[in-house]
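Chemist: The sequence and its predicted three-dimensional model are supplied below.
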Amino acid sequence: MIIGRILGTVVSTQKDERLRGKKLLIVKPVNLDGTDQSGYVVAVDTVGAGYHEKVIIVGGSSARMAEGNKDCPVDSAIIGVIDTVDFTSS
Amino acid sequence: MIIGRILGTVVSTQKDERLRGKKLLIVKPVNLDGTDQSGYVVAVDTVGAGYHEKVIIVGGSSARMAEGNKDCPVDSAIIGVIDTVDFTSS
Amino acid sequence: MIIGRILGTVVSTQKDERLRGKKLLIVKPVNLDGTDQSGYVVAVDTVGAGYHEKVIIVGGSSARMAEGNKDCPVDSAIIGVIDTVDFTSS
Amino acid sequence: MIIGRILGTVVSTQKDERLRGKKLLIVKPVNLDGTDQSGYVVAVDTVGAGYHEKVIIVGGSSARMAEGNKDCPVDSAIIGVIDTVDFTSS
Amino acid sequence: MIIGRILGTVVSTQKDERLRGKKLLIVKPVNLDGTDQSGYVVAVDTVGAGYHEKVIIVGGSSARMAEGNKDCPVDSAIIGVIDTVDFTSS
């Protein structure tokens, strides 16, 4: 999994039926020091995360194991809101 | 998932039976500011997307969860046409 | 999927039983303008592709969905010979 | 699989039900000479690894094959504590 | 799949039960001209490969399709020892 920061939303009307009702969020991957990485990912929110919150993102087929994503065409899901990240840099 | 822009099509006659009738589109991944990323992906259109439209692309095994792709040898699918992308850059 | 160009073959005698009879080809990924990308991939040919032909390559678990690859230990397969690629660069 | 070094932990209260009780560790991928690679991964510990230990990390759907991870939304798991790495550089 | 060269072994006592008896090898990905690529991968040997031999490596969920790896937490496996690689560079 990686850590990301929620930046925004993607709105789509013409879409796969199994995406109906799902919240698609734009997430920016972040480094351990809190700075942004390059790139972004569009992930399904499954835990009610809020804007700018730091979240845990799961990718690949395991994104379909997140609550409500069974058999859905999604490859990235937000599965947790992060309270704290504790680490030593050496 | 990532956001892309449809650039063209790939035509193939000699192909896997399960690709018959599928529309293979060339999609350019784009950044959040709308500029192109490097590279491209060949994705199966499953939502009737049009040229130059911005779309949502799902990759990996989840591309087989998109409408009509069950058990097909595809690793990338267009699953939504994007209306708007709302985000803050900071 | 990506587009590639067939460069050669890999010959292996001591191998997994489920690779018996499979043709392992060396494929060079190409850009939309036809130039080579860096790197290469070893893919199972499932459509009778010929040397130097441009082909469609599927990766990951979906390579096992290609004709004859069910339950085989392969992560890349050639699933189509390309007739034409039509795209606009802007 | 890759080799990593445990740097810390991620704490999350608001999370997917199937993450309850799982220990989420921050792991730094390392090179064969023991130096750090860039980036990090958040992995589920399944073998009781300790801080700064060198571990084996499995990614993708196979992370769900690790002890206790069946059907869980995880894409990275620690599956072994490394005793020794023996290699020749040429 | 990719081509690699066996460099060494990883020894682990405290590990997932399904890794018992498996040989974990350090493999260096190589270019078509035989030179080393950067990085490495830890792969399960399933064909009795020897040191410094050139091998075929399969990644992702398909590594679990290799002989003896069913339902094991492995994402990389050696599935063939290479006799020859024949290719043209243009």
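Modeler: Yes, it's here.

Chemist: Spatially, which residue comes closest to A:K23, not counting chain neighbours?
Modeler: A:D45 (4.4 Å; CB to CB, 6 or more residues apart in numbering or on different chains). C-betas here are computed from N, CA, C, even on glycine.

Chemist: Please name the residues that touch the one you found.
Modeler: Taking CB atoms under 8 Å, 6 or more residues apart in numbering or on different chains, we find A:D45 in contact with A:22-25, A:77-78.

Chemist: Residues of chain A that sit close to chain C?
Modeler: Residues of chain A lying near chain C by CB under 8 Å from any CB of the partner chain: A:S61.

Chemist: Can you tell me the centre-most residue of chain A?
Modeler: Geometric centre of chain A, nearest residue: A:I78, 3.4 Å, by CA atoms, centre = their mean.

Chemist: Which helix or strand contains that residue?
Modeler: Per DSSP states H and E, A:I78 falls inside strand A:76-81.

Chemist: the strands in chain A, which residues?
Modeler: Taking DSSP state E, the strands of chain A run over residues A:2-11, A:24-29, A:41-45, A:54-59, A:76-81, A:84-87.

Chemist: Flag every residue of chain A that's near chain E.
Modeler: With CB under 8 Å from any CB as the criterion, chain A comes near chain E at residues A:S61.

Chemist: Low-confidence ranges, chain A, go.
Modeler: Residue ranges of chain A with pLDDT under 70: A:90.

Chemist: Now it against chain D: closest residue?
Modeler: Here the residue of chain A nearest chain D is A:F87; by CB to the nearest CB that distance is 2.7 Å.

Chemist: Now that residue. Nearest residue, chain neighbours left out?
Modeler: Leaving out its chain neighbours, the residue that sits closest to A:F87 by CB to CB, 6+ apart is D:G8, at 2.7 Å.

Chemist: any idea how far that neighbour is from chain B?
Modeler: When distance is defined by CB to the nearest CB, to the nearest Å, D:G8 is 26 Å away from chain B.

Chemist: how many neighbours does that residue have?
Modeler: The tally of other residues near D:G8 (other CB atoms under 10 Å in any protein chain shown) stands at 20.

Chemist: Show me what it is bridged to.
Modeler: In this entry, D:G8 is beta-bridged to A:F87, D:I26, by DSSP bridges.

Chemist: my read: it touches D:V27, true?
Modeler: No - at 9.1 Å, D:G8 does not count as touching D:V27 under the criterion of CB atoms under 8 Å.

Chemist: give me the number of residues near the residue in chain A that chain E sits nearest to?
Modeler: Of all residues in chain A, the one sitting closest to chain E is A:S61 (7.6 Å; CB to the nearest CB). Using other CB under 10 Å, A:S61 has 23 neighbouring residues.

Chemist: show me the residues around it that make contact.
Modeler: Counting by CB under 8 Å, 6+ apart, A:S61 touches A:75, B:60-62, C:61, D:60-61, E:61.

Chemist: In helices only, show me those.
Modeler: With DSSP state H as the criterion, helices contain none of these.

Chemist: and which of those is nearest C:I2?
Modeler: Using CB to CB, B:G60 is the member of those that lies nearest C:I2, at 13.6 Å.

Chemist: A:V85 contacts A:I3, doesn't it?
Modeler: Yes - taking CB under 8 Å as the definition, A:V85 is a contact partner of A:I3 at 6.9 Å.

Chemist: And those two? Which one has more around it.
Modeler: Per other CB under 10 Å, whichever of A:V85 and A:I3 has more neighbours is A:I3, with 24 against 20.

Chemist: Can you verify my assumption that that one contacts A:V41?
Modeler: No - taking contacts as CB under 8 Å, A:I3 lies outside contact range of A:V41: 11.7 Å.

Chemist: which residues are in contact with both of those two?
Modeler: In terms of CB under 8 Å, 6+ apart, A:I3 and A:V41 are both contacted by the residues A:29, A:57.

Chemist: For chain C, give me its nearest residue in chain A.
Modeler: Closest residue of chain A to chain C, CB to the nearest CB: A:S61 (7.6 Å).

Chemist: Enumerate the residues of chain A near chain B.
Modeler: With CB under 8 Å from any CB as the criterion, chain A meets chain B at residues A:7-19, A:24, A:26, A:40-43, A:51, A:60-61, A:63-64, A:71-76.

Chemist: Count the residues that sit near the closest residue to A:C72 other than its chain neighbours.
Modeler: Spatial nearest neighbour of A:C72, chain neighbours left out: A:R18 (4.5 Å); criterion: CB to CB, 6+ apart. Neighbourhood size, A:R18 [other CB under 10 Å]: 17.

Chemist: A:R18 and B:G50, how far apart?
Modeler: In this view, A:R18 and B:G50 are 22 Å apart by CB to CB, to the nearest Å.
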